[in-house]
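1. here you go, sequence then predicted model.
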Amino acid sequence: MDKIRLITEENEKKILSPRATLACETKGRSREEDECDIRTCFQRDRDRIIHCQSFRRLKHKTQVFLAPSGDHYRTRLTHTLEVAQIARTIARALRLNEDLTEAIALGHDLGHTPFGHAGERALNELSPFGFKHFEQSVRVAEYIEKDGEGLNLTDEVKDGILCHTKGQDAYTLEGQIIRIADRIAYINHDIDDAIRAGVLVEEDIPLDLRLKLGMSKGERINSMVNNVVENSIDGDKIHMSDDYFQYFNELHEFMFTAVYRNPVCKSEEVKAVAMIEKLYYYYIDHTDELPADYVKIAQRDGYERAVCDYIAGMSDNYSVKVFNQLFVPKFWLE
């Protein structure tokens, strides 16, 4: 049976680009493990992420629109799947390691808060340690999942998750793909959701950007992906051409004005932030009410860290449920 994994690893050497990250050359895990008979290390990481609790909770975490009534608005889970699809397309075109790419993509938002970036900003202000969702995603994988044992992911996957948003580039090209695939995914699906919500129409997007990037969501994704592939075939960096990157930034600025800062879209965020604040201070004052897993974290890392971890892991639905249990009066039943 162990020959199956070895054959896969040998095939990677034959098929993938010399720039690709090979499973057999991984930097390894924090804790050594016996190898799987069938799956490579990156395939195992992908599977561990998909089967973990934090991944399942993404289905009830906000992407942009809080508590949308329609079934077709993106959640943090569907966003993650779209990032994975775009990232795999780029990786395959460049003959890079798709398994590593997909594992990073699926894990990149494991640590995201309820209520999207509003929740992230709230915890960043409340926590004495600060809060960044990409750092929290690694923390989830290392210290929180599996009753505190963590998923024991490979270093390449953790680095790609940590570097998917800001700061230093990932040291693998596969990790670098996630940063750009994340941006391509969210800018285009946020436009799609905003159109569905009636916040804007396609024609509101400046015509010069539509002519350059594409006249529809599908055209824009296709043109951006093609541009990334064309400009990343050689070299040690995944990137768009300078002109396309400028167009993308202009589209991003348009979205900040039209959607991300739009009071229609953000009207409920004040309530969400206030709710997170109330939950945070309640559990700081009632640490004995934390679940047992987070008591263990508190004993190791302190209660402020544990409370932050607990709230960050909540889904939108669960945080509202807990808030109602703690702060909303219950009516007597006859």
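-> Sure, I can see it.
2. okay, now the unreliable bits of the stretch 201-334 of the chain?
-> Scanning the stretch 201-334 of the chain for pLDDT under 70 picks out 265, 332-334.
3. can you give me the helices for it?
-> In the stretch 201-334 of the chain, the helices defined using DSSP state H, counting those that start in this stretch lie at 207-213, 217-232, 242-255, 263-266, 269-285, 292-301, 303-313, 316-327.
4. could these go into TSV alongside distance to Ile90 and mean neighbour count?
-> (Glycine included, C-beta is placed from N, CA and C.) Below are the helices of the stretch 201-334 of the chain laid out as TSV (distance: least, C-beta to C-beta, whole Å; neighbours: other C-beta atoms under 10 Å):
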stretch	distance to Ile90	mean neighbour count
helix 207-213	17	14
helix 217-232	6	18
helix 242-255	14	16
helix 263-266	29	13
helix 269-285	32	17
helix 292-301	36	16
helix 303-313	29	23
helix 316-327	30	15
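5. for those helices, which one sits closest to Phe129?
-> helix 303-313 (6.4 Å; C-beta to C-beta).
6. elements contacting the closest one?
-> helix 116-126, helix 133-139, helix 269-285, helix 292-301 (3 or more C-beta pairs under 8 Å, 6 or more residues apart in numbering; DSSP states H and E).
7. name the element Gly160 belongs to?
-> helix 155-162 (DSSP states H and E).
8. and the helices and strands packed on helix 303-313: which comes nearest Thr101?
-> Closest among the helices and strands packed on helix 303-313, once you apply C-beta to C-beta, is helix 133-139, at 15.9 Å.
9. list the buried ones in the closest one?
-> His133, Phe134, Gln136, Ser137, Val138, Arg139 (16 or more other C-beta atoms under 10 Å).
10. with adjacent residues omitted, what lies nearest to the last one?
-> Okay, so that is Arg139. Sequence neighbours aside, Gly111 is the residue nearest to Arg139 in space, at 6.2 Å (criterion: C-beta to C-beta, 6 or more residues apart in numbering).
11. ok, the fourth one next?
-> Ranked by C-beta to C-beta, 6+ apart and with sequence neighbours excluded, the top spatial neighbour of Ser137 is Gly111, at 3.6 Å.
12. and that neighbour, how close does it get to Gly28?
-> Using C-beta to C-beta, to the nearest Å, we find Gly111 at a distance of 22 Å from Gly28.
13. neighbour-wise, which of these two wins?
-> Per other C-beta atoms under 10 Å, whichever of Gly111 and Gly28 has more neighbours is Gly111, with 24 against 12.
14. so which helix or strand takes in that one?
-> Applying DSSP H and E, one finds Gly111 in no helix or strand.
15. what score does it have for pLDDT?
-> Gly111 carries a pLDDT value of 97.
16. what residues does stretch 37-54 touch?
-> 1-2, 4-5, 8-9, 12, 23-24, 26, 29, 35-36, 55, 97, 99-100, 102-103, 106-107, 110-111, 140-141, 144-146, 151-154, 156-157, 313 (C-beta atoms under 8 Å, 6 or more residues apart in numbering).
17. just the buried ones from these?
-> 5, 8-9, 12, 23, 26, 29, 55, 97, 99-100, 102-103, 106-107, 110-111, 140-141, 144-145, 151-154, 156-157, 313.
18. just checking, which of the residues you listed belong to helices?
-> 5, 8-9, 12, 55, 99-100, 102-103, 106-107, 156-157, 313 (DSSP state H).
19. so what's the most centrally placed residue in the chain up against?
-> Residue closest to the average C-alpha location in the chain (C-alpha atoms, centre = their mean): Asp109, at 2.2 Å. Asp109 makes contacts with Leu58, Arg76, His79, Thr80, His133, Ser137, as judged by C-beta under 8 Å, 6+ apart.
20. kindly reformat these as TSV containing pLDDT and distance to Ile297.
-> Shown next, in TSV, are the contacts of Asp109 (pLDDT from 0 to 100; distance: C-beta to C-beta, whole Å):
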residue	pLDDT	distance to Ile297
Leu58	96	21
Arg76	94	22
His79	95	27
Thr80	97	24
His133	96	18
Ser137	98	16
